[in-house]
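Novice: fold the following, please.
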Amino acid sequence: MTRTFAIALLCAAFITVATPAAAFEGKRLTTEAEFRDLVADRDLTADRTIVSYSGDGQIEGETGDRKIKGMWLWAGKALCRTVTVGTKNLGLDCQAVFLIGDLVVLVRKEGLGAAFALRIRREGTDAGKIAFL
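Specialist: Predicted structure coming up:
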């Protein structure tokens, strides 16, 4: 049993080393131009949520049976937004934005708060299956 465990451990180490580091690396978006180029005007999904940050500064979508509506702008190195989900006004929050492959990770309070992830929907695919973090 010890030999089997050692072989499994060695295989796991090899797979980890053999996986390209770039597959796990992400990028923090620090300019409005990057955000517009890579995220704006695309559908972002997570479980029963779909939302879009349009190029004209609007936020629209839905989560479950609740509508998402708001506005966004870029300030410094953060995405600032005001948004209402259903009847709940979430107010103003500036968020750090990271892009990891097709995963957009938004971190509240300019990178110091809670994080949540949304997947960029590709043409012809269903909503993403990413849970809120």
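
Novice: next up, identify which helix or strand the most centrally placed residue in the chain is on.
Specialist: The centroid of the chain falls nearest to Val104 when counting by Cα atoms, centre = their mean (2.3 Å). Here Val104, judged by DSSP states H and E, is contained in strand 103-107.

Novice: who touches the following helix or strand past that strand?
Specialist: Per DSSP H and E, the first helix or strand lying C-terminal to strand 103-107 is helix 108-111. By Cβ atoms under 8 Å, 6 or more residues apart in numbering, the list of residues contacting helix 108-111 from outside reads Ala78, Asp93, Cys94, Gln95, Ala96, Ala114, Ala115. (Each C-beta comes from the backbone N, C-alpha and C, glycine too.)

Novice: buried set for helix 108-111?
Specialist: Glu110, Gly111 (16 or more other Cβ atoms under 10 Å).

Novice: that helix: how far from the chain's middle?
Specialist: Distance, stretch centre to chain centre, for helix 108-111: 13 Å (Cα atoms, centre = their mean, to the nearest Å).

Novice: let me see the mean pLDDT of that helix.
Specialist: Averaged over helix 108-111, pLDDT sits at 92.

Novice: now the residue nearest to the centre of the chain: how far from Val83?
Specialist: Counting by Cβ to Cβ, to the nearest Å, the gap from Val104 to Val83 is 15 Å.

Novice: now do Phe35
Specialist: Phe35 is 16 Å from Val83, by Cβ to Cβ.

Novice: list phi and psi for Lys77.
Specialist: Main-chain torsions, Lys77, degrees, to the nearest 10: phi -110, psi 20.
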